[in-house]
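[1] With the input below, show me the fold.
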Amino acid sequence: MPKCGKENIVKGELQHSGNVLFVPKDQSGIFVNKASNILAYACKDCGYIFNLTLENPENI
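    Residues are numbered from 1 along each chain as shown. I've put the predicted structure just below:
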């Protein structure tokens, strides 16, 4: 829940000129060719963003 205590919540997807993706690194620090969109909730009153989750965790 947002820090303001209100419940005017929306669910959405983080975007930046397209999608913001989570791309994992392997043990050697090299990015793996797998990705997932990032979903989040936000309070429409205070702008607090919370509960970031992967849309497709099975892709990671």
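[2] Quick check: residue 42 touching residue 14?
    No - contact criterion Cβ atoms under 8 Å: residue 42 and residue 14 do not qualify, at 9.8 Å. For every residue, glycine as well, the C-beta is placed using N, CA and C.
[3] More neighbours: which of the two?
    Set residue 42 next to residue 14 and count neighbours by other Cβ atoms under 10 Å: residue 42 wins out with 18 against 15.
[4] Leaving out chain neighbours, which residue sits closest to the more buried one?
    Closest residue in space to residue 42, ignoring its immediate chain neighbours: residue 49 at 4.9 Å, by Cβ to Cβ, 6 or more residues apart in numbering.
[5] May I have the phi/psi pair for the one you found?
    The phi/psi pair for residue 49 (degrees, to the nearest 10) reads phi -110, psi 130.
[6] Same question for residue 10.
    The phi/psi pair for residue 10 (degrees, to the nearest 10) is phi -130, psi 150.
[7] and it, what is it in contact with?
    41-42, 44 (Cβ atoms under 8 Å, 6 or more residues apart in numbering).
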